[in-house]
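> The amino acid sequence is not available; the structure is as follows:
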């Protein structure tokens, strides 16, 4: 087909596009109409086919993450195989009593055990978890937040704006670089103070160094309000490390996790609730988890927003499988993130050397991977990759199994720490096909 030919019928062009792309016929009809509507002078059948191929490539599909960013937000964060049976499930059905049950009870109990909490609740994502906690516990009341923790993270998520949507009133405490316990006490001692809780927010995707000071959870847990009552401390730990001791790993905790807040330790330090993401260091699906004191978790579950933010069976089943992997101490080999994060540099070097031996036009180099998705900001993980001369990023993305690499000066770098070993065969084929 060319621009000079008389346009075919919509049906004929749609069938030609469908045969070349395997797109559904109704989609091909829309694209055929759009191409033909340009009129005889602007008609270009090849352009119509190219547009259809380009659209097909936007559909969700597996890709190979060779960026060295283990939790790459644009690539779905934590990789996880989802095995959901095509069958009915007891999502809200009590098999023992034969009546309606709770979709949160079982997975909540597993998460509570894992985090050392009284109870736990699963919602859509961590932003939803923070929103629900604030709406359920602090609507029309004050919430103390350090100015240094009133942050914006990816996607325009801003703590003040989420708080506004919840109906809570933000009270800034301290300064952007230094917030002491006395700053919180001063805010609580005001005669007009009506503080529902203190919110401590993990900075997530940045780190401030130098003349800085923050107040730890165990200090915040000592605060009392202007009537001498306890002030709940809610810690948004963000990235979802469940236990700083990493008992699911065969060795000690990796050094790059030093200083990363963990759910179990944060609750042990006195936090009333913690919230965190499911698809970061927890290594599961996109979800938000609220864990802590049972009465406050129950208050969140009763709030009207809880229904709007509740997850479906697919997410609950995935969270359940991840929690079981941790509790059975199998997370280091059952969860892809922990396999990638804990593989040795020597093993990565062997894989990289084999890729070059298999015909890859590249050189084995030492590199540095990162956790990604705002987890353990500022830290790196020693890694190994293959550098290929020239810019081949677009070519690799066009491979049968798309490969997402990164620039290395004027060259192309493929970091193997974020690549599943089973995908090395695809890397070898794609690299061997590149011009030297």
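Received, thanks. Here the structure is a predicted model, which means the values were calculated and not measured. Numbers count the residues shown, from 1 in each chain.
> what's the residue nearest the centre of the chain in contact with, if anything?
In the chain, the centroid-proximal residue (CA atoms, centre = their mean) is residue 279; its distance is 3.8 Å. Counting by CB atoms under 8 Å, 6 or more residues apart in numbering, residue 279 touches 71, 76, 77, 78, 80, 240, 285, 286, 287, 373. Bear in mind the C-beta positions are built from the backbone N, C-alpha and C, glycine included.
> Farthest-apart pair in these, please.
The span of these, defined through CB to CB, is set by 76 and 240 at 15.2 Å.
> Give me the more crowded residue out of these two.
Neighbours per residue, other CB atoms under 10 Å: of residue 76 and residue 240, the larger number sits with residue 240, 28 against 16.
> Quick check: pLDDT value at that one.
We have a pLDDT of 92 for residue 240.
> Repeat that for residue 377.
Residue 377 is given a pLDDT of 83.
> For it, the count of nearby residues, please.
19.
> what's the distance between it and residue 151?
In this view, residue 377 and residue 151 are 11 Å apart by CB to CB, to the nearest Å.
> now swap in residue 86 and tell me
42 Å.
> of the two, who's got more company?
Neighbour count, other CB under 10 Å: between residue 86 and residue 151, residue 151 has more, with 20 against 4.
> quick one, phi psi at the nearest residue to residue 175 once chain neighbours are set aside?
Once flanking residues are discounted, residue 175 sits nearest to residue 147: 5.6 Å by CB to CB, 6 or more residues apart in numbering. Per-residue torsions, residue 147: phi -60, psi -30 (degrees, to the nearest 10).
> hmm, who's touching the longest helix that the chain contains?
When the chain is parsed with DSSP state H, its longest helix is helix 313-327. Residues outside helix 313-327 that contact it (CB under 8 Å, 6+ apart): 80, 82, 84, 89, 91, 103, 106-107, 110-111, 113-114, 122, 124, 242, 248, 278, 282-287, 289, 311, 331, 334-335.
> Restricted to strands, list those residues.
122, 289 (DSSP state E).
> are any of the contacts of helix 313-327 buried, and which?
80, 103, 107, 110-111, 114, 122, 124, 242, 248, 278, 282-287, 289, 311, 331, 334-335 (16 or more other CB atoms under 10 Å).
> Find the least confident helix or strand in the protein, judged by mean pLDDT.
Taking mean pLDDT, DSSP states H and E as the measure, the helix or strand of the chain with the lowest value is strand 152-153, at a mean of 66.
> where are the low-confidence patches of the protein?
1-7, 38-44, 153-157, 204-207, 435-436 (pLDDT under 70).
> can you tell me which residues contact residue 183?
With contacts taken as CB under 8 Å, 6+ apart, residue 183 has the following neighbours: 146, 173, 174, 215.
> The stretch 151-300 of the chain: helices as residue ranges?
Secondary structure of the stretch 151-300 of the chain by DSSP state H, counting those that start in this stretch: the helices cover 159-166, 181-188, 217-220, 263-268, 294-302.
> partners of residue 233 in the sheet?
residue 198 (DSSP bridges).
> Can you classify residue 353 by secondary structure?
Local secondary structure at residue 353 is given as helix here, using DSSP: H, G, I helix; E, B strand; the rest coil.
> Over to residue 15?
Per three-state DSSP, residue 15 ends up helix.
> Look up how far residue 364 lies from it.
49 Å.
> Ok, residue 151 next?
Plainly put, residue 151 is 39 Å away from residue 364 if you go by CB to CB.
> neighbour-wise, which of residue 15 and residue 364 wins?
Counted by other CB under 10 Å, residue 15 and residue 364 do not tie: residue 364 has more neighbours, with 21 against 16.
> can I assume the more buried one sits in a helix?
No. Applying three-state DSSP, one finds residue 364 to be strand, outside a helix.
> from memory it sits against residue 357, does it?
No. Assessed by CB atoms under 8 Å, residue 364 is found out of contact with residue 357, at 10.0 Å.
> first to last residue in stretch 97-113, what's the distance?
One end of stretch 97-113 sits 24 Å from the other (CA to CA, to the nearest Å).
> What are the boundaries of the helices in the stretch 301-436 of the chain?
Under DSSP H, counting those that start in this stretch, the stretch 301-436 of the chain gives helices at 305-309, 313-327, 331-334, 336-342, 345-357, 393-397, 424-432.
> Make JSON lines from the ones you listed and add distance to residue 48 to it.
Shown next, in JSON lines, are the helices of the stretch 301-436 of the chain (distance: least, CB to CB, whole Å):
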{"stretch": "helix 305-309", "distance to residue 48": "41"}
{"stretch": "helix 313-327", "distance to residue 48": "36"}
{"stretch": "helix 331-334", "distance to residue 48": "46"}
{"stretch": "helix 336-342", "distance to residue 48": "39"}
{"stretch": "helix 345-357", "distance to residue 48": "38"}
{"stretch": "helix 393-397", "distance to residue 48": "22"}
{"stretch": "helix 424-432", "distance to residue 48": "28"}
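> Of the ones you listed, which is nearest residue 159?
Shortest separation from residue 159 across the helices of the stretch 301-436 of the chain is recorded for helix 305-309, at 17.5 Å, computed as CB to CB.
> so how far is that closest one from its chain's centroid?
From the chain centre to the centre of helix 305-309 is a distance of 20 Å (CA atoms, centre = their mean, to the nearest Å).
> what packs against that helix?
Judged by 3 or more CB pairs under 8 Å, 6 or more residues apart in numbering; DSSP states H and E, helix 305-309 is in contact with strand 119-123, helix 126-138.
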